[in-house]
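K.L.:
Provided below for reference: sequence and predicted model.
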Amino acid sequence: MRILVTGGVGYIGSHTVLQLLRADHEILVFDNYSNSSPEAMRRIKHLSQREPEMIIGDIQDSVALSNAFRYFRPDAVIHFAGLKSVGESSIVPLRYYAENIGGTVEILRAMDDVQCRRIVFSSSATVYGVARYLPFDEGHPRNPESPYGRTKYFVEELIKDWTVAGLDRSAVLLRYFNPVGADASAILGEDPNGPPNNLMPYITQVAVGRLACLSIFGDNYETRDGTGERDYIHVEDLASAHLAALEFGACHVGCEAINIGTGHGVTVLEMIEAFEAASGRKIRFKIVGRRDGDVARSFASVEKAYKKLGWKARYGIYEMCRSAWNWQLRNPDGYRQL
Ligand code: WQD
């Protein structure tokens with residue numbers, strides 16, 4: 001298929017584009033490099049031995065989008081592009097609403113202009129907010145607690161309305177839990193701008209010596225060991241879920257929300273233990289106060305992903321840690337060339 005991938009050079013986008021190229025899809029990447037690097041694009045080409053097309057642009061730029069869609073005429077869209085920091089979204093909410101919601105409206109308009117009727121959207125388990133029950137299934141009430149989470153909720157709703165408003169339209173909303181890890185080659189990986197907000201990149205930067213000590217945000221939660229429990233998913237498993245969603249969308253109409261996780265929770269202390277076993281490196285940490293907005297436990301019901309997509313996670317926490325460490329060890333400064 002001809003797939004236009006917005007945000008295709010970012011962390012999850014780059015791993016997905018690599019798998020799409022290896023599956024012989026024709027790809028156009030639309031990315032503004034705001035949270036990614038041209039070096040990552042070079043590495044995608046090297047690993048795939050393919051020359052995917054690329055247009056540098058922002059999803060709020062309706063002219064750039066329209067030109068890209070009229071030029072490439074995709075069969076389907078995978079939409080990753082957007083702002084994704086929970087903390088930052090509370091500081092600059094209008095930027096998040098304009099980019100994440102306004103940008104998606106522009107993408108759907110450009111799709112309609114060329115009769116493209118298939119979309120896979122990068123949503124997030126953040127839409128659920130505090131658990132009423134666990135594991136989270138797709139019917140769990142959505143009550144996001146941050147502007148970022150609310151943009152994901154509103155985009156899910158606008159995509160659903162778009163699907164219903166036209167004939168033969170399909171949308172798959174993938175609700176990611178906690179993506180971690182890197183491509184087996186250790187040539188692609190996670191390279192956050194500035195000090196990492198998320199646990200795994202913080203751990204890998206402590207392990208490689210870029211950061212001195214991990215702060216564990218609270219050890220008095222109602223969990224096995226008092227630290228926060230999350231459903232971590234290997235980025236390679238997450239990427240393959242997008243290919244499965246594309247196949248599903250190609251032969252179904254309507255809008256489906258689907259959780260993408262392993263179905264198992266791992267606490268912060270368990271993650272540290274797994275990482276030390278996988279890397280052979282000791283992780284210095286200290287316990288500090290809870291982080292605003294954090295929930296105690298979050299993990300997915302993954303029955304629908306298997307039933308609808310025939311997909312389930314292959315990798316466990318050890319492989320996630322091993323791949324994350326191999327990436328960081330080989331790329332101590334991420335994609336920045338020394
Ligand atoms: C995981 C656990 C922290 C950092 C976020 C976004 C979510 C999604 C994934 C986009 C928690 C603890 C973390 C640290 C710590 N992103 N932690 N010290 O918060 O579950 O989800 O990333 O869609 O939208 O909310 O992930 O990795 O930040 O935290 O103790 O330095 O690690 O308290 O228990 P989170 P995380």
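P.N.:
Nice, thanks for sending it over.

K.L.:
residue boundaries of the helices in the stretch 1-150 of the chain?
P.N.:
Applying DSSP state H, counting those that start in this stretch to the stretch 1-150 of the chain gives helices spanning 11-22, 38-48, 62-72, 86-91, 93-96, 103-113, 147-165.

K.L.:
now these as TSV including distance to the ligand and mean pLDDT?
P.N.:
Yep, even glycine has a C-beta here, placed from its N, CA and C like the rest. Formatted as TSV, the helices of the stretch 1-150 of the chain follow (distance: least, Cβ to the nearest ligand atom, whole Å; pLDDT from 0 to 100):
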stretch	distance to the ligand	mean pLDDT
helix 11-22	9	98
helix 38-48	18	97
helix 62-72	23	98
helix 86-91	4	93
helix 93-96	12	98
helix 103-113	15	98
helix 147-165	6	98
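
K.L.:
Mean neighbour count, those helices: which tops it?
P.N.:
Among the helices of the stretch 1-150 of the chain, helix 11-22 has the highest mean neighbour count (mean count of other Cβ atoms under 10 Å), at a mean of 24.

K.L.:
Show me what it is packed against.
P.N.:
strand 2-6, strand 26-31, helix 38-48, helix 235-250 (3 or more Cβ pairs under 8 Å, 6 or more residues apart in numbering; DSSP states H and E).

K.L.:
try 10 Å
P.N.:
strand 2-6, strand 26-31, helix 38-48, strand 76-79, strand 118-124, strand 178-180, helix 235-250 (3 or more Cβ pairs under 10 Å, 6 or more residues apart in numbering; DSSP states H and E).

K.L.:
what sits against the residue in the stretch 101-250 of the chain that the ligand sits nearest to?
P.N.:
Closest contact between the stretch 101-250 of the chain and the ligand, by Cβ to the nearest ligand atom, is at residue 228 (2.1 Å). Residue 228 is in contact with 199, 216-219, 221, 265-269, 271, 290-291, 294-298, counting by Cβ atoms under 10 Å, 6 or more residues apart in numbering.

K.L.:
Kindly report the same for residue 278.
P.N.:
With Cβ under 10 Å, 6+ apart, residue 278 has these contacts: 207, 317, 318, 319, 320, 321, 322, 323, 324, 325, 326.

K.L.:
Distance-wise, check the closest residue to it other than its chain neighbours relative to residue 182.
P.N.:
Excluding the flanking residues, the one nearest residue 278 by Cβ to Cβ, 6 or more residues apart in numbering is residue 321, at 3.8 Å. From residue 321 across to residue 182, the span is 11 Å (Cβ to Cβ, to the nearest Å).

K.L.:
The stretch 151-300 of the chain: strands as residue ranges?
P.N.:
For the stretch 151-300 of the chain, applying DSSP state E, counting those that start in this stretch gives strands covering 170-176, 178-180, 214-217, 229-230, 232-234, 254-260, 266-267, 285-288.

K.L.:
Show me which residues of the last one are buried.
P.N.:
Just to be clear, that refers to strand 285-288. Residues residue 285 are the ones in strand 285-288 that count as buried (16 or more other Cβ atoms under 10 Å).

K.L.:
Need the mean per-residue confidence for the helix or strand just after it.
P.N.:
Per DSSP states H and E, the first helix or strand lying C-terminal to strand 285-288 is helix 303-304. Mean per-residue pLDDT for helix 303-304: 98.

K.L.:
Near the ligand, which residues of the chain? Just list them.
P.N.:
Those residues of the chain that sit near the ligand, judged by Cβ under 6 Å from any ligand atom, are 84, 86, 124, 126, 176, 178, 197-199, 202, 214-217, 228, 230, 268, 291, 294.

K.L.:
re the thing from before, can you turn the buried part of the contacts of residue 228 into a ChimeraX selection?
P.N.:
A single ChimeraX command selects the buried members of the contacts of residue 228 (16+ other Cβ under 10 Å):
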select :199,216,217,218,219,221,265,266,267,268,269,271,296,297,298
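
K.L.:
So what touches the helix-or-strand element of the chain with minimal mean pLDDT?
P.N.:
Ranked by mean pLDDT, DSSP states H and E, the weakest helix or strand in the chain is helix 86-91, scoring a mean of 93. Helix 86-91 is contacted from outside by 83, 85, 95-97, 100, 124, 126, 144-151, 197-198, 291-294, using Cβ under 10 Å, 6+ apart.

K.L.:
so how far is it off the chain centroid?
P.N.:
17 Å (Cα atoms, centre = their mean, to the nearest Å).

K.L.:
As PDB, could you dump the C-alpha coordinates of it?
P.N.:
C-alpha atoms of helix 86-91 as PDB (Å, rounded to 0.1, in the frame of the first residue of the first chain):
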ATOM      1  CA  VAL A  86       2.100  15.700  29.600                       C
ATOM      2  CA  GLY A  87       3.900  18.300  31.800                       C
ATOM      3  CA  GLU A  88       4.400  20.800  29.000                       C
ATOM      4  CA  SER A  89       0.800  20.600  27.900                       C
ATOM      5  CA  SER A  90      -0.300  22.200  31.200                       C
ATOM      6  CA  ILE A  91       2.100  25.100  30.600                       C
END
